[in-house]
Every structure is written in structure tokens, then in C-alpha cells.
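> structure for this input, please:
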Amino acid sequence: MNALYTASATVHGGREGRVESSDGVLKHDLKMPKELGGPGGAGTNPEQLFAAGYGACYESALANIARKEKVTLQDVEVVTNVMIGKDESDGGFKLAVRLDIKLPGIDKAQAQELAEKAHAFCPYSKATRGNIEVELNVL
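As a prediction, the model looks like this:
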């Protein structure tokens, strides 16, 4: 692949540390959620960061597909739910994603078709395909 852009972030301390992007724009403390046995509190976690990135990428893919198909989208909302749970196959953990997609003013069948085409086009969807469950929930 010929990279057009490279994002870089440095993490110190894992889930109980901090993360900072190379340009300093992203700078957060990391905290293990209470649900995973951590203290919770002020700070983000890898699942929230993944949800934010996936949602932004997916909504951009959706806009791209709509433009190609000459469909006008307004007030689109994508809520990205990233779940972490036990992986029974190896005793570790695994992720799953549910994208809740709202396309006001678009009939359900067309909205579903746009959502599926965006899922085929989105780089995050391509990266996760065959690796984790991703549910498209068109509302």
C-alpha cells in the first residue's frame, strides 16, 4: 500500500496510562472501566477510541456512497457501540461492533442498501471484516 497519511499515537501505561498523538492534538488519560475491573473515572479507553474512529470513518463512507448515488443525506447520525467480552476459544477477550445508523428522510430499504454499501467501502469495516462481528442497525 502506498500510504497517503500515517496517524501515530504513543501510549504509556496501557489501559491505566496515557495516550498522545504525534501532533499533540489527541492527549488523554486512559482508565480501565469499572465493568472490566478497573477504577473507572476521568479518562478514556481503547474501546471508546475505536468507537470514535470507526464511527467517523463509517459516516464519511456513507456520505461518499450517497454522493455517488445522488442521494441527499441530512442529519445523519451514527452511534458506534464497541463491546468487549470474553473469548471462549482462548480465555482472552474479543470485540464486537453495532453501528446504529439514522438516515432521516430516507426510506428503510434505501437506507439499508446505503448502509451496506458504506460498510463494504469503509476502511475500518474492511479492516475488521472476518475478524469481529459488525452489526448494521438501520433505525
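
> what segments of this protein are helices?
46-68, 108-121, 123-128 (DSSP state H).

> walk me through the domains of this protein.
Listed domain ranges for the chain are 1-44, 46-138 (source: automatic domain parsing).

> same list (those domains) but as JSON lines, adding mean pLDDT and mean neighbour count.
C-betas here are computed from N, CA, C, even on glycine. JSON lines is the format used below for the domains of the chain (pLDDT from 0 to 100; neighbours: other CB atoms under 10 Å):
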{"stretch": "domain 1-44", "mean pLDDT": "96", "mean neighbour count": "11"}
{"stretch": "domain 46-138", "mean pLDDT": "97", "mean neighbour count": "15"}
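
> contacting residues around L139?
Neighbouring residues of L139 by CB atoms under 8 Å, 6 or more residues apart in numbering: D100, I101, K102.

> among those, which are located in strands?
Applying DSSP state E to the contacts of L139, the entries found in strands are D100, I101, K102.

> return the member of the residues you listed nearest to H12.
Nearest to H12 among the ones in strands among the contacts of L139 is D100, at 33.2 Å by CB to CB.

> may I have the beta-bridge partners of the closest one?
Beta bridges link D100 to V79, N137, judged by DSSP bridges.

> wait, F50 sits on L95?
Yes: between F50 and L95 there is a contact at 7.5 Å, judged by CB atoms under 8 Å.

> name the residues contacting each of the two.
In contact with both F50 and L95: V82, using CB under 8 Å, 6+ apart.

> show me the contacts for S21.
S21 touches A7, S8, A9, K27, counting by CB under 8 Å, 6+ apart.

> ok, now with 10 Å
Residues near S21 by CB atoms under 10 Å, 6 or more residues apart in numbering: A7, S8, A9, T10, K27, H28.

> residue nearest the centroid of this structure?
Y54 (2.3 Å; CA atoms, centre = their mean).

> gap between the closest residue to that residue other than its chain neighbours and K94?
In space, and not counting its chain neighbours, Y54 is closest to Y124: 4.4 Å by CB to CB, 6 or more residues apart in numbering. According to CB to CB, to the nearest Å, Y124 stands 17 Å off from K94.

> repeat that for V134.
Distance from V134 to K94, by CB to CB: 13 Å.
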